[in-house]
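Student: just coords:
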(Lines give C-alpha, C1' and ligand atoms only; values in the text may rest on other atoms or scores of the structure.)
Protein backbone atom coordinates (compact mmCIF):
# COMPACT_ATOMS: atom_id res chain seq x y z
CA UNK A 1 0.00 0.00 0.00
CA UNK A 2 1.30 3.46 -0.91
CA UNK A 3 1.97 6.02 1.82
CA UNK A 4 2.79 9.72 1.67
CA UNK A 5 5.03 10.40 4.67
CA UNK A 6 8.43 11.73 5.63
CA UNK A 7 11.01 9.01 4.87
CA UNK A 8 12.71 9.62 8.21
CA UNK A 9 9.49 8.64 9.98
CA UNK A 10 9.34 5.19 8.42
CA UNK A 11 12.91 4.36 7.36
CA UNK A 12 16.59 5.01 8.03
CA UNK A 13 16.36 7.91 5.59
CA UNK A 14 18.46 6.24 2.91
CA UNK A 15 17.33 5.32 -0.59
CA UNK A 16 18.94 2.15 -1.91
CA UNK A 17 19.48 0.81 -5.41
CA UNK A 18 19.11 -2.76 -6.61
CA UNK A 19 22.83 -3.32 -6.19
CA UNK A 20 23.10 -1.98 -2.62
CA UNK A 21 23.55 -4.25 0.39
CA UNK A 22 20.85 -3.84 3.05
CA UNK A 23 20.16 -5.56 6.40
CA UNK A 24 17.07 -7.51 5.39
CA UNK A 25 17.84 -11.17 6.00
CA UNK A 26 17.53 -13.08 9.26
CA UNK A 27 18.23 -16.77 8.64
CA UNK A 28 15.71 -16.78 5.77
CA UNK A 29 12.92 -16.09 8.29
CA UNK A 30 13.23 -19.56 9.82
CA UNK A 31 10.90 -19.85 12.80
CA UNK A 32 9.24 -16.48 12.13
CA UNK A 33 6.08 -15.48 10.24
CA UNK A 34 5.21 -12.25 12.04
CA UNK A 35 5.05 -10.22 8.82
CA UNK A 36 2.33 -12.55 7.50
CA UNK A 37 -0.03 -11.70 10.37
CA UNK A 38 -2.40 -8.78 10.90
CA UNK A 39 -1.85 -7.05 7.58
CA UNK A 40 -5.51 -6.27 6.93
CA UNK A 41 -5.96 -5.12 3.34
CA UNK A 42 -2.50 -3.53 3.01
CA UNK A 43 -1.03 -6.19 0.70
CA UNK A 44 -2.51 -4.71 -2.46
CA UNK A 45 -1.98 -6.65 -5.67
CA UNK A 46 -1.03 -5.36 -9.10
CA UNK A 47 -1.64 -7.20 -12.41
CA UNK A 48 1.76 -8.96 -12.23
CA UNK A 49 0.95 -10.27 -8.73
CA UNK A 50 -2.44 -11.65 -9.76
CA UNK A 51 -0.99 -13.14 -12.94
CA UNK A 52 1.64 -14.95 -10.86
CA UNK A 53 -0.99 -16.28 -8.45
CA UNK A 54 -3.26 -17.48 -11.26
CA UNK A 55 -0.41 -19.32 -12.97
CA UNK A 56 1.17 -20.67 -9.80
CA UNK A 57 -2.08 -21.97 -8.35
CA UNK A 58 -3.78 -22.88 -11.63
CA UNK A 59 -6.80 -20.82 -10.61
CA UNK A 60 -8.98 -18.22 -12.31
CA UNK A 61 -9.49 -14.74 -10.87
CA UNK A 62 -12.98 -15.77 -9.76
CA UNK A 63 -11.54 -18.76 -7.89
CA UNK A 64 -8.95 -16.55 -6.21
CA UNK A 65 -11.72 -14.19 -5.10
CA UNK A 66 -13.50 -17.08 -3.44
CA UNK A 67 -10.49 -18.10 -1.40
CA UNK A 68 -7.47 -15.78 -1.35
CA UNK A 69 -8.21 -12.28 -2.65
CA UNK A 70 -10.43 -9.48 -1.37
CA UNK A 71 -11.66 -6.50 -3.39
CA UNK A 72 -11.67 -3.06 -1.80
CA UNK A 73 -11.79 0.58 -2.85
CA UNK A 74 -8.62 2.69 -2.55
CA UNK A 75 -8.86 6.37 -3.58
CA UNK A 76 -11.91 5.65 -5.74
CA UNK A 77 -10.42 2.60 -7.49
CA UNK A 78 -11.26 -1.05 -6.94
CA UNK A 79 -8.05 -2.81 -5.89
CA UNK A 80 -7.51 -6.47 -4.97
CA UNK A 81 -5.52 -7.41 -1.89
CA UNK A 82 -4.47 -10.59 -0.10
CA UNK A 83 -7.08 -12.03 2.24
CA UNK A 84 -6.29 -12.36 5.93
CA UNK A 85 -7.94 -15.25 7.77
CA UNK A 86 -8.87 -15.12 11.45
CA UNK A 87 -6.78 -17.52 13.55
CA UNK A 88 -9.04 -17.56 16.60
CA UNK A 89 -6.18 -16.18 18.69
CA UNK A 90 -5.28 -12.67 19.82
CA UNK A 91 -2.16 -10.65 19.09
CA UNK A 92 0.13 -8.93 21.61
CA UNK A 93 -2.33 -6.00 21.87
CA UNK A 94 -5.28 -8.26 22.63
CA UNK A 95 -6.85 -7.76 19.21
CA UNK A 96 -8.07 -10.72 17.11
CA UNK A 97 -5.16 -12.22 15.18
CA UNK A 98 -5.28 -12.89 11.46
CA UNK A 99 -2.84 -14.40 8.98
CA UNK A 100 -2.35 -14.70 5.23
CA UNK A 101 -4.44 -17.54 3.82
CA UNK A 102 -1.28 -19.01 2.28
CA UNK A 103 0.60 -19.32 5.56
CA UNK A 104 0.93 -22.97 6.56
CA UNK A 105 0.37 -24.37 10.05
CA UNK A 106 4.16 -24.52 10.31
CA UNK A 107 4.39 -20.78 9.66
CA UNK A 108 5.84 -21.08 6.15
CA UNK A 109 4.69 -19.40 2.92
CA UNK A 110 3.03 -21.88 0.59
CA UNK A 111 3.36 -19.61 -2.47
CA UNK A 112 6.90 -18.41 -1.85
CA UNK A 113 8.14 -18.94 -5.43
CA UNK A 114 5.31 -16.82 -6.88
CA UNK A 115 4.50 -14.53 -3.94
CA UNK A 116 3.35 -10.91 -4.55
CA UNK A 117 5.77 -8.03 -5.01
CA UNK A 118 5.06 -6.42 -1.63
CA UNK A 119 5.81 -9.73 0.11
CA UNK A 120 9.09 -9.98 -1.79
CA UNK A 121 10.06 -6.49 -0.70
CA UNK A 122 9.49 -6.79 3.05
CA UNK A 123 11.06 -5.23 5.11
CA UNK A 124 11.84 -2.89 2.22
CA UNK A 125 9.54 -0.34 0.60
CA UNK A 126 9.51 1.33 -2.80
CA UNK A 127 10.00 5.01 -3.57
CA UNK A 128 8.92 6.29 -6.98
CA UNK A 129 11.27 9.03 -8.16
CA UNK A 130 11.78 10.87 -11.44
CA UNK A 131 14.84 8.76 -12.21
CA UNK A 132 13.12 5.48 -11.38
CA UNK A 133 12.42 3.29 -8.35
CA UNK A 134 14.40 3.49 -5.13
CA UNK A 135 14.18 1.20 -2.10
CA UNK A 136 13.97 2.05 1.60
CA UNK A 137 14.47 -0.06 4.72
CA UNK A 138 11.32 0.28 6.83
CA UNK A 139 11.71 0.93 10.55
CA UNK A 140 9.89 -1.14 13.14
CA UNK A 141 8.41 -3.58 10.62
CA UNK A 142 10.55 -6.72 10.85
CA UNK A 143 10.68 -8.10 14.41
CA UNK A 144 13.86 -10.11 13.84
CA UNK A 145 17.12 -8.82 15.26
CA UNK A 146 20.67 -9.37 14.03
CA UNK A 147 19.69 -9.22 10.39
CA UNK A 148 22.47 -9.69 7.85
CA UNK A 149 23.04 -7.76 4.65
CA UNK A 150 21.89 -8.93 1.26
CA UNK A 151 21.81 -7.25 -2.12
CA UNK A 152 18.39 -5.71 -2.84
CA UNK A 153 18.20 -7.38 -6.25
CA UNK A 154 18.81 -10.85 -4.80
CA UNK A 155 16.39 -10.27 -1.92
CA UNK A 156 13.49 -9.41 -4.25
CA UNK A 157 14.34 -12.44 -6.37
CA UNK A 158 12.86 -11.54 -9.77
CA UNK A 159 15.01 -12.51 -12.74
CA UNK A 160 14.30 -9.59 -15.10
CA UNK A 161 14.25 -6.69 -12.65
CA UNK A 162 14.73 -4.05 -15.35
CA UNK A 163 11.56 -5.04 -17.18
CA UNK A 164 9.71 -5.58 -13.89
CA UNK A 165 10.58 -2.07 -12.68
CA UNK A 166 9.40 -0.56 -16.00
CA UNK A 167 6.10 -2.36 -15.47
CA UNK A 168 5.85 -1.04 -11.90
CA UNK A 169 6.46 2.54 -13.01
CA UNK A 170 3.94 2.31 -15.86
CA UNK A 171 1.26 0.79 -13.58
CA UNK A 172 1.96 3.29 -10.78
CA UNK A 173 1.61 6.25 -13.15
CA UNK A 174 -1.60 4.83 -14.63
CA UNK A 175 -3.14 4.18 -11.21
CA UNK A 176 -2.31 7.71 -10.03
CA UNK A 177 -4.03 9.21 -13.11
CA UNK A 178 -7.04 6.95 -12.58
CA UNK A 179 -7.27 7.97 -8.93
CA UNK A 180 -7.18 11.65 -9.92
CA UNK A 181 -9.96 11.04 -12.45
CA UNK A 182 -12.05 9.11 -9.92
CA UNK A 183 -11.72 11.92 -7.36
CA UNK A 184 -12.72 14.59 -9.87
CA UNK A 185 -15.48 12.69 -11.65
CA UNK A 186 -18.97 13.28 -10.18
CA UNK A 187 -20.75 10.68 -12.33
CA UNK A 188 -20.83 7.60 -10.11
CA UNK A 189 -21.93 5.37 -13.00
CA UNK A 190 -18.95 6.48 -15.09
CA UNK A 191 -16.56 5.72 -12.22
CA UNK A 192 -18.12 2.26 -11.90
CA UNK A 193 -17.70 1.60 -15.63
CA UNK A 194 -14.07 2.74 -15.42
CA UNK A 195 -13.40 0.41 -12.49
CA UNK A 196 -15.07 -2.54 -14.17
CA UNK A 197 -13.00 -2.04 -17.32
CA UNK A 198 -9.70 -1.93 -15.41
CA UNK A 199 -10.68 -4.93 -13.28
CA UNK A 200 -11.64 -6.97 -16.34
CA UNK A 201 -8.67 -6.11 -18.56
CA UNK A 202 -5.89 -6.20 -15.98
CA UNK A 203 -7.04 -8.78 -13.45
CA UNK A 204 -9.85 -11.04 -14.68
CA UNK A 205 -8.65 -11.73 -18.23
CA UNK A 206 -5.62 -13.99 -18.46
CA UNK A 207 -2.32 -12.85 -19.90
CA UNK A 208 -0.41 -15.08 -22.30
CA UNK A 209 3.21 -16.21 -22.16
CA UNK A 210 4.63 -12.69 -22.51
CA UNK A 211 3.01 -10.83 -19.64
CA UNK A 212 4.95 -7.58 -20.04
CA UNK A 213 4.25 -7.28 -23.78
CA UNK A 214 0.54 -7.95 -23.38
CA UNK A 215 0.31 -5.64 -20.38
CA UNK A 216 1.88 -2.77 -22.34
CA UNK A 217 -0.58 -3.27 -25.20
CA UNK A 218 -3.59 -3.31 -22.85
CA UNK A 219 -2.27 -0.26 -21.01
CA UNK A 220 -1.97 1.79 -24.17
CA UNK A 221 -5.54 0.86 -25.16
CA UNK A 222 -6.79 1.72 -21.66
CA UNK A 223 -5.13 5.13 -21.76
CA UNK A 224 -6.94 5.94 -25.01
CA UNK A 225 -10.32 4.67 -23.85
CA UNK A 226 -10.26 6.02 -20.33
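Tutor: Perfect, I can see it now. Owing to the predicted nature of the structure, the values given are computational and were not obtained by experimental measurement.

Student: Distance of residue 60 relative to residue 69?
Tutor: Separation of residue 60 from residue 69 (C-beta to C-beta, to the nearest Å) stands at 11 Å. Just so you know, the C-beta spots here come from the backbone N, C-alpha and C atoms, and that holds for glycine as well.

Student: out of those two, which sits in the busier spot?
Tutor: Between residue 60 and residue 69, counting by other C-beta atoms under 10 Å, residue 69 is the more crowded of the two (22 against 12).

Student: backbone phi and psi for the nearest residue to that one once chain neighbours are set aside, please?
Tutor: Leaving aside its chain neighbours, residue 69 sits nearest to residue 80 (4.9 Å; criterion: C-beta to C-beta, 6 or more residues apart in numbering). The phi/psi pair for residue 80 (degrees, to the nearest 10) reads phi -80, psi 150.

Student: now residue 80, which residues is it bridged with?
Tutor: residue 71 (DSSP bridges).

Student: State the number of residues packed around it.
Tutor: For residue 80, the count of nearby residues is 24 (other C-beta under 10 Å).

Student: Looks like it contacts residue 68 (just checking).
Tutor: No - counting by C-beta atoms under 8 Å, residue 80 stays clear of residue 68, with 9.6 Å between them.

Student: hang on, the earlier thing: ok, so what distance separates the residue nearest to residue 69 from residue 54?
Tutor: In this view, residue 80 and residue 54 are 12 Å apart by C-beta to C-beta.

Student: Between its first and last residues, how far does stretch 206-214 reach?
Tutor: In terms of C-alpha to C-alpha, to the nearest Å, the two terminal residues of stretch 206-214 are separated by 10 Å.

Student: One more: stretch 133-149?
Tutor: 20 Å.

Student: Which residues does it contact?
Tutor: Residues outside stretch 133-149 that contact it (C-beta atoms under 8 Å, 6 or more residues apart in numbering): 7, 10-12, 14-18, 20-27, 29, 32, 34-35, 121-127, 152, 165, 168-169.

Student: Can you tell me which residue is spatially central in this structure?
Tutor: Most central in the chain under C-alpha atoms, centre = their mean is residue 118, positioned 3.8 Å from the mean C-alpha point.

Student: gap between that one and residue 100?
Tutor: Taking C-beta to C-beta, one finds residue 118 at 11 Å from residue 100.

Student: Between the two, which contacts overlap?
Tutor: residue 43.

Student: Relative to the helix or strand containing residue 128, what are the paired strands and their orientations?
Tutor: For residue 128, the element it lies in under DSSP states H and E is strand 124-129. With DSSP bridges as the test, strand 124-129 is paired with strand 132-137 (antiparallel).

Student: now residue 63: how far from residue 76?
Tutor: In terms of C-beta to C-beta, residue 63 sits 27 Å off from residue 76.

Student: which one of these two has more residues nearby?
Tutor: residue 76 (16 against 13).

Student: Nearest residue to that one in space, please, no chain neighbours.
Tutor: That would be residue 182: by C-beta to C-beta, 6+ apart, it lies 2.9 Å from residue 76.

Student: Which residues are in contact with the residue nearest to residue 69?
Tutor: By C-beta under 8 Å, 6+ apart, the contact list for residue 80 reads 44, 45, 50, 65, 69, 70, 71, 72, 203.
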